[in-house]
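*Asks:* how would this look folded up:
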Amino acid sequence: MDVDVRYPVISLLQEDQQTICEADLDLKGAQGAMWVGEVTCQPQSSFVKR
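*Replies:* This next block holds a predicted model:
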């Protein structure tokens with residue numbers, strides 16, 4: 001997955017098609033490819049504003 005380092009947020013729509021799950025990624029010091037591993041996200045009521 002290619003992530004914009006200016007907005008390192010992954011937004012996913014859950015199976016119920018109502019709940020948005022977002023994960024903020026800490027990419028400080030990251031260069032090139034990076035293994036993220038398991039991502040834990042918090043349910044949100046709206047998408048991040050960009």
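*Asks:* List the beta-bridge partners for the residue nearest the centre of the chain.
*Replies:* Centroid-nearest residue in the chain: residue 10, 1.9 Å away (criterion: C-alpha atoms, centre = their mean). In this structure, residue 10 bridges to residue 23 when assessed by DSSP bridges.
*Asks:* ok, it touching residue 22?
*Replies:* Yes: look at residue 10 against residue 22 with C-beta atoms under 8 Å: they come within range, at 6.9 Å. (Each C-beta comes from the backbone N, C-alpha and C, glycine too.)
*Asks:* Tell me the spacing between residue 27 and residue 18.
*Replies:* With distances taken as C-beta to C-beta, to the nearest Å, residue 27 is found 29 Å from residue 18.
*Asks:* Pick out whichever of these two has more residues nearby.
*Replies:* Set residue 27 next to residue 18 and count neighbours by other C-beta atoms under 10 Å: residue 27 wins out with 14 against 9.
*Asks:* Can you give me every residue that contacts that one?
*Replies:* Shown in contact with residue 27 (C-beta atoms under 8 Å, 6 or more residues apart in numbering): 3, 5, 8, 34.
*Asks:* Now do it against residue 39, distance only.
*Replies:* Taking C-beta to C-beta, one finds residue 27 at 13 Å from residue 39.
*Asks:* Could you list which residues are in contact with residue 9?
*Replies:* With contact taken as C-beta under 8 Å, 6+ apart, residue 9 is in contact with 22, 23, 24, 25, 48.
*Asks:* Which pLDDT value does the model give the nearest residue to residue 25 once chain neighbours are set aside?
*Replies:* Computed as C-beta to C-beta, 6 or more residues apart in numbering, the closest residue to residue 25 that is not its neighbour in sequence is residue 8, at 4.0 Å. What the model reports as pLDDT for residue 8 is 87.
*Asks:* Now do residue 8: how many residues are near it, please.
*Replies:* When neighbours are counted by other C-beta under 10 Å, residue 8 registers 14.
*Asks:* So for stretch 1-8, first residue to last residue, what's the gap.
*Replies:* 11 Å (C-alpha to C-alpha, to the nearest Å).
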